[in-house]
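Peer 1: Generate a structure from the sequence data that follows.
(one chain, ligands or ions: 1)
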Amino acid sequence: MSNQANLQSSSLQNSSTRRRVLIVGGVAGGASCAARLRRLDESVEIVMFDRGPYVSFANCGLPYYVGNVISDERKLLVASREMFRDRFNISVHTETEVTGVDRNTRAIAVRDVHTGNTRSERYDALVLSPGAAPIRPQLPGVELPGVFAVRSIPDSRRIRSWIADRNAKTAVVVGGGFIGLEMVENLIHRELSVAILEKLPQVMPPLDPELAVPLKEHLAAKGVQLHLGDGLAAIEEQDGGGLIVVAESGARLPADLVILAIGVRPETALAKDAGLQIGPRGGIVVDAQMRTSDPSIWAVGDVVEVQDVLTGQETVLPLAGPANRQGRVAAESIAGRTTHFRGVQATAVVGVLGLTVASTGASEKGLRRAGFTSFQRVYLHPGHHAGYYPGAQAIHLKLLFGVPDGRILGAQAVGLEGVEKRIDVIATAIQFNGTVHDLAEVELCYAPQFGAAKDPVNLAGMLAENVLNGDMPVADWLELNRAGALLVDVREPDEFAGGHIPNAINLPLSQLRSRYLELPKDRDLWLCCAVGQRAYYATRFLAQHGYRSWNLSGGYTTYKALKAAALTA
Ligand code: FAD
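Peer 2: Residues are numbered from 1 along each chain as shown. Below is the predicted model of the structure:
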């Protein structure tokens, strides 16, 4: 008898006495949990169920499979049923739906999705990792052929076939969040003409609106039609084929296919039926060891509510990193260890037609929603590497930090190069409860083609330090029209002539030392330049000459974004 056969035979013999761990959902959270548990405990029986045809597939790769960037479907399969069996002695039942949980008898009901046959499976420990389902609003036409959501390999396969079979030329993506944007990129890669319909007035809703402006401009420059601030009302069939997406405004957008990407909802049906506690955000309530309100049941991934470490509030965060880490924590808990899940900080990145958008921690709107008031922000637009080395690209960066402690609360960045690297550094600092002083001091890689002696991360920390220690008081962009403040633009006259904040006067930094006496001492001076640097020099000079000087952080570049986002006059 082979070793494998021996193993299976002994598993069968012992299966009635061994501790049984059943896992519902075999992708990010479930598969991580199963594999980790096996590494910790050879004695337990581990059985994983998934109603789909695959386990452990790369959901995050699906948009790129649609776009043919990944052309071989098999590349999406991270691990197979056979690999789980042979390498880890984990049984996998695909196309097997778990339809109920009986907590009294500690058994689940499962159904073969092909035959409809049902059976019961007992557990000692149960892990729920069923994920989150794409939201399909109850609107006319959303079930029409040609309307898709993207969650599974079969979904992506259907979209690919639809594009190929109908020679699709136009698409409407409903929802401008990260899955929607990835679909936009990939549909354009397939040479479709794409429109986005987004209910909010901005794309990428987790960002603060002004940071979404460069993204919006980039999409428009790449030919994406943007219908922002307009929701979906219905989808109709066109005479002669094709679809019409009808917006709430009445706009009618023709499309050969429609992608619904308006968000996901935790799949809590099993948990609710079993009477497990569900939280206010609609996810399963778990403790730091990912244990639900029933001590024999754990839950992980998109289905759970977890603590946002920045705001201290409960949140649902459908991202692969947290799901994987939570699966591992649940496995450790089942194996008797006391590992804790630290909570989430919403670190995310999306690439859109060459532009990178990344964020970590809280946004300003998130902080306000959570009731935070003692915080400040700085904007900066440094090059991704030294300016003297060819090809430097601006990174638009916003850093939020606590006052007076300087604790880093969040950061968002947009640019063509080097964006996610800076956000990852800041994300790591947040993990270690870092402050802006840490960012100012952190020692990062530097050679001309990679960074700068003062990396954008250092600069962000230094600017924030200047705000905290009073070296650079920052004026509030949202109060630009505050009576009494004099707006002084310190750029050169030709730059000023090319566009400036209404009512600003021009006194270039290059002339400030000879002309500063022209400025009034009895008024607040709000200083502006292109990106904030020259205004900072002017702020320091004037402060040391007895003026009340303030910097408009991020300068005219930030002003234009705030204005485009309708946040300032
Ligand atoms: P899932 O990975 O969704 O797995 C749940 C599984 O459970 C599914 O296979 C489902 O069929 C099965 N299931 C559900 N109910 C039952 C039941 N009753 N019985 C049996 N099986 C059941 N995150 C990132 O961090 N970065 C990205 O770039 C990124 N891109 C994404 C792109 C797309 C298109 C999608 C859809 C998601 C993306 N995500 C990304 C999110 C990430 O994939 C999820 O956060 C992660 O997969 C969640 O893991 P999970 O285990 O909770 O759920």
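Peer 1: C-alpha from now on. contacts and neighbour counts both.
Peer 2: OK.
Peer 1: Pull the distance from the helix or strand that residue 133 is a member of to the chain's centre.
Peer 2: Using DSSP states H and E, residue 133 sits within strand 132-134. The gap between where strand 132-134 is centred and where its chain is centred comes out at 16 Å by Cα atoms, centre = their mean, to the nearest Å.
Peer 1: so what strands line up beside that strand?
Peer 2: For strand 132-134, sheet partners with direction are given as strand 264-266 (antiparallel), following DSSP bridges.
Peer 1: right, is the strand it pairs with up against the ligand?
Peer 2: No. For strand 264-266, no contact with the ligand is found by Cα under 6 Å from any ligand atom; the gap never falls below 8.4 Å.
Peer 1: Residues in contact with that strand: which ones?
Peer 2: Contacts made with strand 264-266 from outside it, assessed by Cα atoms under 8 Å, 6 or more residues apart in numbering, are listed as 131, 132, 133, 134, 135, 282, 283, 302, 303, 304, 318.
Peer 1: Give me the residues contacting the helix or strand that the strand holding residue 133 is followed by.
Peer 2: Following the chain from strand 132-134 toward its C-terminal end, the next helix or strand by DSSP H and E is strand 147-148. Under the contact criterion Cα under 8 Å, 6+ apart, strand 147-148 has outside partners 155, 159, 257, 258, 259, 260.
Peer 1: strand partners of strand 147-148, parallel vs antiparallel please.
Peer 2: Strand partners for strand 147-148, identified by DSSP bridges, are recorded as strand 257-260 (parallel).
Peer 1: What average pLDDT does the strand it pairs with get?
Peer 2: Mean pLDDT, taken over the full extent of strand 257-260, equals 98.
Peer 1: centre of the chain versus that strand, how much separation?
Peer 2: Per Cα atoms, centre = their mean, the displacement of strand 257-260 from the mean C-alpha position of its chain is 21 Å.
Peer 1: ok, is it in contact with the ligand or not?
Peer 2: No. Counting by Cα under 6 Å from any ligand atom, the ligand has no neighbours in strand 257-260; the shortest distance is 11.0 Å.
Peer 1: now what about that strand, what contacts it?
Peer 2: Contacts with strand 257-260, where a contact means Cα under 8 Å, 6+ apart, come from 134-136, 146-150, 162-163, 168, 170-175, 180, 183, 242-243, 245.
Peer 1: Tell me where the stretch 101-250 of the chain has strands.
Peer 2: In the stretch 101-250 of the chain, strands defined by DSSP state E, counting those that start in this stretch lie at 107-112, 118-122, 125-128, 132-134, 147-148, 170-174, 193-198, 225-228, 232-237, 243-247, listed in chain order.
Peer 1: quick one on the thing from earlier: any chance of a PyMOL selection covering the buried ones in the contacts of strand 257-260?
Peer 2: Buried members of those can be picked out in PyMOL with the line below, counting by 16 or more other Cα atoms under 10 Å:
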select buried, resi 134+136+146+147+148+149+150+162+163+168+170+171+172+173+174+175+180+183+242+243+245
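Peer 1: what does the stretch 101-250 of the chain have sitting close to the ligand?
Peer 2: So the stretch 101-250 of the chain meets the ligand at 129, 130, 131, 132, 150, 151, 179 (Cα under 6 Å from any ligand atom).
Peer 1: count of residues packed around residue 268?
Peer 2: Here the count is done by other Cα atoms under 10 Å, and residue 268 has 23 residues near it.
Peer 1: Give me the distance between it and the ligand.
Peer 2: Summarising the geometry, the distance separating residue 268 from the ligand, computed by Cα to the nearest ligand atom, to the nearest Å, is 9 Å.
Peer 1: do the same with residue 222
Peer 2: For residue 222, the distance to the ligand equals 21 Å [Cα to the nearest ligand atom].
Peer 1: now swap in residue 491 and tell me
Peer 2: Here the criterion is Cα to the nearest ligand atom. By it, residue 491 lies 41 Å from the ligand.
Peer 1: How about residue 142?
Peer 2: If you measure residue 142 against the ligand using Cα to the nearest ligand atom, the figure is 18 Å.
Peer 1: go on, residue 445?
Peer 2: When residue 445 is compared with the ligand (using Cα to the nearest ligand atom), they lie 26 Å apart.
Peer 1: likewise residue 468?
Peer 2: Distance of residue 468 to the ligand, given as Cα to the nearest ligand atom: 34 Å.
Peer 1: likewise residue 353?
Peer 2: Taking Cα to the nearest ligand atom as the measure, residue 353 and the ligand are separated by 15 Å.
Peer 1: Name the nearest residue to that residue, ignoring sequence neighbours.
Peer 2: In space, and not counting its chain neighbours, residue 353 is closest to residue 185: 5.6 Å by Cα to Cα, 6 or more residues apart in numbering.
Peer 1: before we move on, what about residue 479?
Peer 2: For residue 479, the nearest residue in space outside its immediate sequence neighbours is residue 568; the separation is 7.8 Å by Cα to Cα, 6+ apart.
Peer 1: how about that neighbour, what does it touch?
Peer 2: Taking Cα under 8 Å, 6+ apart as the criterion, residue 568 is in contact with 477, 478, 479, 480, 559, 562.
Peer 1: Tell me which of those residues fall in helices.
Peer 2: When the contacts of residue 568 are checked against helices using DSSP state H, the ones located there are 559, 562.
Peer 1: Quick one: the helices in the stretch 401-550 of the chain, in order.
Peer 2: With DSSP state H, counting those that start in this stretch applied, the stretch 401-550 of the chain shows helices at 419-431, 436-441, 456-468, 493-497, 509-515, 533-543, listed in chain order.
Peer 1: Can you add distance to residue 326, mean pLDDT and mean neighbour count and give the ones you listed back as JSON lines?
Peer 2: Listed next are the helices of the stretch 401-550 of the chain as JSON lines, based on distance: least, Cα to Cα, whole Å; pLDDT from 0 to 100; neighbours: other Cα atoms under 10 Å:
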{"stretch": "helix 419-431", "distance to residue 326": "16", "mean pLDDT": "98", "mean neighbour count": "21"}
{"stretch": "helix 436-441", "distance to residue 326": "28", "mean pLDDT": "98", "mean neighbour count": "21"}
{"stretch": "helix 456-468", "distance to residue 326": "29", "mean pLDDT": "98", "mean neighbour count": "23"}
{"stretch": "helix 493-497", "distance to residue 326": "52", "mean pLDDT": "98", "mean neighbour count": "13"}
{"stretch": "helix 509-515", "distance to residue 326": "53", "mean pLDDT": "98", "mean neighbour count": "13"}
{"stretch": "helix 533-543", "distance to residue 326": "43", "mean pLDDT": "97", "mean neighbour count": "22"}
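Peer 1: Any chance of those in TSV with distance to residue 63 as columns?
Peer 2: Supplementary listing: the helices of the stretch 401-550 of the chain in TSV, determined by distance: least, Cα to Cα, whole Å:
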stretch	distance to residue 63
helix 419-431	20
helix 436-441	35
helix 456-468	31
helix 493-497	42
helix 509-515	49
helix 533-543	40
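Peer 1: Report pLDDT for residue 322.
Peer 2: As summarised for this prediction, residue 322 has a pLDDT of 98.
Peer 1: Number of residues surrounding it?
Peer 2: 24.
Peer 1: quick one: the helix or strand hosting it to chain centroid distance?
Peer 2: Per DSSP H and E, residue 322 falls inside helix 320-334. Averaging C-alpha positions (Cα atoms, centre = their mean) puts helix 320-334 19 Å from its chain's average.
Peer 1: helices or strands next to the helix or strand just after that helix in the packing?
Peer 2: Scanning forward in sequence from helix 320-334 by DSSP H and E, the next helix or strand is strand 348-352. With contacts defined as 3 or more Cα pairs under 8 Å, 6 or more residues apart in numbering; DSSP states H and E, strand 348-352 has these neighbours: helix 178-189, strand 355-361.
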